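S.K.: This is a predicted model, with the sequence first.
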Amino acid sequence: MNPIKHVPKVKIGSPLLAGLMVAAIWLTASVLLLSLLLHFSSMKEQSLPQLSLIVHSLCALAGGFVAGRRSGQKGWYHGSVLGVFYGLLVLIAGFLALDSSFGLNSLTLFALTLAAGGLGGMVGIHARNAN
């Protein structure tokens, strides 16, 4: 049996898809960290709604950064589109999994992911130009 000498790199061509993948990775790590903090510290479950807004904003920011960096132009646009898609995916998942209704919290989450994604896209485009 011949060993594999070269493993091809997988590169996602779409800035939006790459950003969503990074946002999902950040979300997974953040949820794991929050659950460990909840279990091993004196943190109360009542603080989770506010922390979830912060976590989703940071995930959209990271995804927007990657989308803006990969796009090469209009970072605010690509980041904002990522924020819209990320926010919709989170809202749909919450609706389907938890039967949560759409209200002020949903609108707040959507606005935060939109703004954080746009900001991440702007920073990402400037980080690309700096290199």
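M.R.: Thanks, I have the structure now.

S.K.: Kindly give the local confidence score, pLDDT, for the nearest residue to Ser101 once chain neighbours are set aside.
M.R.: Nearest residue to Ser101, sequence neighbours excluded (C-beta to C-beta, 6 or more residues apart in numbering): Phe95, at 7.8 Å. All C-beta spots, glycine's among them, are computed from the backbone N, C-alpha and C. Note on Phe95: pLDDT of 86.

S.K.: Ok, Ile92 next?
M.R.: With respect to pLDDT, Ile92 has a value of 89.

S.K.: tally of neighbours for it?
M.R.: 10 (other C-beta atoms under 10 Å).

S.K.: now it: how far from Phe85?
M.R.: Here the criterion is C-beta to C-beta, to the nearest Å. By it, Ile92 lies 10 Å from Phe85.

S.K.: tell me the mean pLDDT for stretch 71-79?
M.R.: The average pLDDT for stretch 71-79 rounds to 88.

S.K.: centre of the chain versus it, how much separation?
M.R.: 15 Å (C-alpha atoms, centre = their mean, to the nearest Å).

S.K.: Also stretch 98-111?
M.R.: For stretch 98-111, the distance to the chain centre is 17 Å (C-alpha atoms, centre = their mean).

S.K.: how about the helices in the chain?
M.R.: 15-40, 48-71, 75-98, 104-130 (DSSP state H).

S.K.: just those: most buried one?
M.R.: helix 48-71 (a mean of 22; mean count of other C-beta atoms under 10 Å).

S.K.: The residue nearest to Ser101 against Phe102, yeah?
M.R.: Yes: the criterion here is C-beta atoms under 8 Å, and Phe95 meets it with Phe102 at 7.3 Å.
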